[in-house]
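*Asks:* Below is the sequence, then the predicted model.
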Number of protein chains: 4
Amino acid sequence: MKSPASIVAQMLACDDFSTWLGIKILKVNLEEVVLTLEVQEIHTNGFKIAHGGICYALADTCLAFVSNSYGYKAVSVETSISHFTKVYAGDQLVATSKLVYKGNSSAVYMVEIENQNKTIVAHFKGTVRISKELW
Amino acid sequence: MKSPASIVAQMLACDDFSTWLGIKILKVNLEEVVLTLEVQEIHTNGFKIAHGGICYALADTCLAFVSNSYGYKAVSVETSISHFTKVYAGDQLVATSKLVYKGNSSAVYMVEIENQNKTIVAHFKGTVRISKELW
Amino acid sequence: MKSPASIVAQMLACDDFSTWLGIKILKVNLEEVVLTLEVQEIHTNGFKIAHGGICYALADTCLAFVSNSYGYKAVSVETSISHFTKVYAGDQLVATSKLVYKGNSSAVYMVEIENQNKTIVAHFKGTVRISKELW
Amino acid sequence: MKSPASIVAQMLACDDFSTWLGIKILKVNLEEVVLTLEVQEIHTNGFKIAHGGICYALADTCLAFVSNSYGYKAVSVETSISHFTKVYAGDQLVATSKLVYKGNSSAVYMVEIENQNKTIVAHFKGTVRISKELW
């Protein structure tokens, strides 16, 4: 079976949107993935803050990576995100996953996103369905 | 006070990320905004389906537009999305907002996203806080 | 296969908590269940309004009934609820389910709860997993 | 200003529904409330497991207690709960709050519920609005 790190590296290499966003892998442990993203002008909305889709996409990529890293393909079922702090172009975001629950066919993770000042900017929860299909 | 249509047009014109995604306005009614987006290759992830962040960003833009269209600035507090159907490059998505509840200082909307076959691909719920600041 | 109405009637008859709460069936259609509940003093919290658990329990029972009414056993995976309007002892609540999406192994419903003045008091969303086990 | 412990004790004393459920206070720290509940037959549904409303009500009471314990009245805006493990009559549940984010006018907490075997049975997230009204 492939290692978590090799699965995550492969997933990012094939993921056009995450690559376009500028998502980079900081750490892959068992049950934990840490990603980073530097916010660009093109990521902002009309309020000149990062569009909510940026933090969501970063968290959703983190969820996909951690939930697939065990070796079985997993897909997102339901996700929620709360945005707490404004995010600006130039901010360096760090997203860290945390396992809440893992069963045979489903799992729940949280992803916390902090900026370069260690201020929490968003909190994400995701439920995935785990298939029997190997990576 | 500005009209809903002029507020929404102004919001999209200033929104770099929504513009990059290719979001276009189909309709602005009282309490309803309808947007469209054609999915591109650059929007896909390693499974060659649209990244979850694409539907989320489309729905979140729809939420921002409809909740600001009354004339007072509003910001997202909590959002959730369920992804039902795979979305591919070339798909033409249509996002339609629906008011659930509107109070003095907060409101809740749903956004339903369909593809070109009228199949529902994602369902989004968003809670916003409404400020006293005029557009 | 049993009819939706007979499955729902059987579910309520065996459901000690829903019976204690005073939940009654108003309507069972295909893909729609409507329930009612009269709020009692014992349902209130320290603010002398209905405890959030009352609307949640009513909506969750509605979700269980509608998602099982097709004839296959279904269990709740993830649920969320927003409380909009204060509910008092004596209020007559009506909960109505609405199908959002139904696939082979999962489904999503909303449940809207109104009081006797047709004011929406809470909005619930629930995701269920559908088994192959018949009622 | 009243202490967190005295506010929480007062809230439970006036809370008819939480008292009926059998909720008891185990611990009140700054930003943390721990509650317990022994599941009764009357709390079960037609599957002879605890109704989803029991874990929700326990978590929602925990959210209300912790978010009010700072001395200002707070009300729930949006909550979600995932149910992982079946809960039976006789189970001893323990609910522990955890602060995710606290701002001036809103806060987000998680509540984790475990049974007597330290198995996580449910995970709850709640957003509250904080008023200027003192306890």
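*Replies:* Great, that's in hand.
*Asks:* residue ranges of the strands in chain A, please?
*Replies:* In chain A, the strands defined using DSSP state E lie at A:24-29, A:32-38, A:72-83, A:92-102, A:106-114, A:120-134.
*Asks:* And the third one, what does it pack against?
*Replies:* If contacts are counted by 3 or more CB pairs under 8 Å, 6 or more residues apart in numbering or on different chains; DSSP states H and E, strand A:72-83 sits against helix A:52-68, strand A:120-134, helix B:52-68, strand B:72-83, strand C:72-83. To be clear about C-beta, it is placed using only N, CA and C from the backbone, and glycine gets the same treatment.
*Asks:* Of all the ones you listed, which one is nearest residue B:124?
*Replies:* When the helices and strands packed on strand A:72-83 are compared by CB to CB, helix B:52-68 sits nearest residue B:124, at 3.7 Å.
*Asks:* ok, is that closest one in contact with chain A or not?
*Replies:* Yes - remark: helix B:52-68 sits within contact range of chain A at B:52-54, B:56-57, B:60-61, B:64, by CB under 8 Å from any CB of the partner chain.
*Asks:* Which positions in chain A make contact with chain D?
*Replies:* So far as CB under 8 Å from any CB goes, chain A lies against chain D at A:80, A:82, A:84, A:100-101, A:103, A:108, A:110, A:112, A:120, A:123, A:125, A:127.
*Asks:* before we move on, the earlier item: can you check which of the strands of chain A gets nearest to residue C:31?
*Replies:* Nearest to residue C:31 among the strands of chain A is strand A:72-83; the distance by CB to CB comes to 20.1 Å.
*Asks:* now the closest one and strand A:120-134, what's the angle there?
*Replies:* In this structure, strand A:72-83 runs at an angle of 160 degrees to strand A:120-134, with axes from the mean of the first three to the mean of the last three CA atoms, to 10 degrees as the basis.
*Asks:* Give me the mean pLDDT for strand A:72-83.
*Replies:* The pLDDT scores in strand A:72-83 average 95.
*Asks:* ok, back up a step: got a quick PyMOL command for the buried subset of the residues of helix B:52-68 next to chain A?
*Replies:* Buried residues among the residues of helix B:52-68 next to chain A (16 or more other CB atoms under 10 Å in any protein chain shown), as a PyMOL selection:
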select buried, chain B and resi 52+53+54+56+57+60+61+64
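*Asks:* Please dump the residues of helix B:52-68 next to chain A into CSV; it should also carry distance to chain C and pLDDT for every row.
*Replies:* Putting these into CSV (distance: CB to the nearest CB, whole Å; pLDDT from 0 to 100) gives the following:
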residue, distance to chain C, pLDDT
B:52, 15, 97
B:53, 20, 98
B:54, 18, 98
B:56, 16, 98
B:57, 20, 98
B:60, 17, 98
B:61, 21, 98
B:64, 18, 98
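*Asks:* Now for the residues of helix B:52-68 next to chain A: which two are most distant?
*Replies:* In those, two members sit farther apart than any others by CB to CB. They are B:52 and B:64, at 18.2 Å.
*Asks:* which residues sit in contact with the nearest residue to residue A:107 once chain neighbours are set aside?
*Replies:* Ranked by CB to CB, 6 or more residues apart in numbering or on different chains and with sequence neighbours excluded, the top spatial neighbour of residue A:107 is residue A:128, at 5.4 Å. Applying CB atoms under 8 Å, 6 or more residues apart in numbering or on different chains, we find residue A:128 in contact with A:63, A:67, A:74-77, A:106-109.
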